[in-house]
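>>> sharing a model prediction with you, sequence too.
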Amino acid sequence: MELKGKRIAILVDNIYQDQEVWYPYFRFTEAGAEVVTVAAKAGETYTSKHGYPIKSDETYDNVHAADFDGVVVPGGYAPDIIRRYSAANQFVHEMNRQGKLVAAICHGAWVLCSADMLKGRRATCFFAIKDDVIHAGAKYEDAEVVVDGNLVTSRKPEDLPAFCRASLEVLTGVPALVK
């Protein structure tokens, strides 16, 4: 498949947005990637906004950008918790510095703000955090997906098809077949 041999981290914490974790998780898995859930504690179960559980595989302290090809930061209110961990922010910052996929949807852009990687970049997000993204230095665009080099951002769950297609394109350098 198109992502065979690729490793993707998905950051998780309580109150994550269900679709924004599981849609990319299954999409990248079906494409052949190894998907690793990363949180404050390994082996911990985190609960979504609607009560759906996910178990973390690794901790922020034990992951290294050199070992991954991309990171996905889902929305919900989990990003407000995730960004409180300097190791999570550093991981995202380093993924960006290395030019690897950094994909954030909805409130996930909060982590990008805390990872100090939005200055001069084009990005979108859920409208309620638009000011945060702008104040972090981004050039905000209201679009279903915005791609700026290795950075992929989207606004809400309904944007997930475009978000995942764009992320696949960044990971492979090949346009996705279905548009």
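Good, I have the coordinates. Residues are numbered from 1 along each chain as shown.
>>> pLDDT below threshold where in this protein?
1, 176-179 (pLDDT under 70).
>>> could you pull out the strands for this structure?
Taking DSSP state E, the strands of the chain run over residues 7-11, 34-39, 45-47, 53-55, 58-59, 70-73, 101-105, 122-123, 139-140, 146-148, 151-154.
>>> just checking, residue 67 touches residue 6?
No. Using CB atoms under 8 Å, residue 67 is not in contact with residue 6; the gap is 11.3 Å. C-beta here means a position set from N, CA and C on the backbone, and glycine is covered the same way.
>>> what about those two, which has more around it?
Neighbour tally, residue 67 and residue 6, criterion other CB atoms under 10 Å: the higher count belongs to residue 6, 20 against 11.
>>> pick the most buried one from the strands of the chain.
Most buried of these by mean neighbour count (mean count of other CB atoms under 10 Å) is strand 101-105; its value is a mean of 29.
>>> in its sheet, what does it sit against?
strand 70-73 (parallel), strand 151-154 (parallel) (DSSP bridges).
>>> adding distance to residue 81, write those strands out as a markdown table.
As requested, the strands paired with strand 101-105 are exported to a markdown table (distance: least, CB to CB, whole Å):
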| stretch | distance to residue 81 |
| --- | --- |
| strand 70-73 | 12 |
| strand 151-154 | 20 |
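>>> and these: which comes nearest residue 121?
Among those, strand 151-154 comes nearest to residue 121, with 5.7 Å by CB to CB.
>>> go ahead and produce CSV holding the CA coordinates of that closest one.
Extracted in CSV, the C-alpha atoms of strand 151-154 (Å, rounded to 0.1, in the frame of the first residue of the first chain):
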residue,chain,number,x,y,z
LEU,A,151,1.9,21.4,7.2
VAL,A,152,-1.7,20.2,6.7
THR,A,153,-4.6,21.9,8.6
SER,A,154,-8.4,21.6,8.4
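>>> check which residues of stretch 74-82 are buried.
74, 75, 76, 77, 78, 79, 81, 82 (16 or more other CB atoms under 10 Å).
>>> want to throw the strands of the chain into CSV with distance to residue 86?
Output for these, formatted as CSV (distance: least, CB to CB, whole Å):
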stretch, distance to residue 86
strand 7-11, 14
strand 34-39, 14
strand 45-47, 19
strand 53-55, 23
strand 58-59, 13
strand 70-73, 15
strand 101-105, 17
strand 122-123, 22
strand 139-140, 26
strand 146-148, 24
strand 151-154, 21
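>>> and stretch 80-89, C-alpha only, in CSV?
C-alpha atoms of stretch 80-89 as CSV (Å, rounded to 0.1, in the frame of the first residue of the first chain):
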residue,chain,number,x,y,z
ASP,A,80,-5.7,22.1,25.3
ILE,A,81,-4.5,19.4,27.5
ILE,A,82,-1.8,18.1,25.1
ARG,A,83,-0.1,21.4,24.7
ARG,A,84,0.5,21.6,28.5
TYR,A,85,3.2,19.0,28.0
SER,A,86,6.4,20.5,26.8
ALA,A,87,7.6,17.2,25.4
ALA,A,88,4.5,17.0,23.2
ASN,A,89,5.1,20.6,21.9
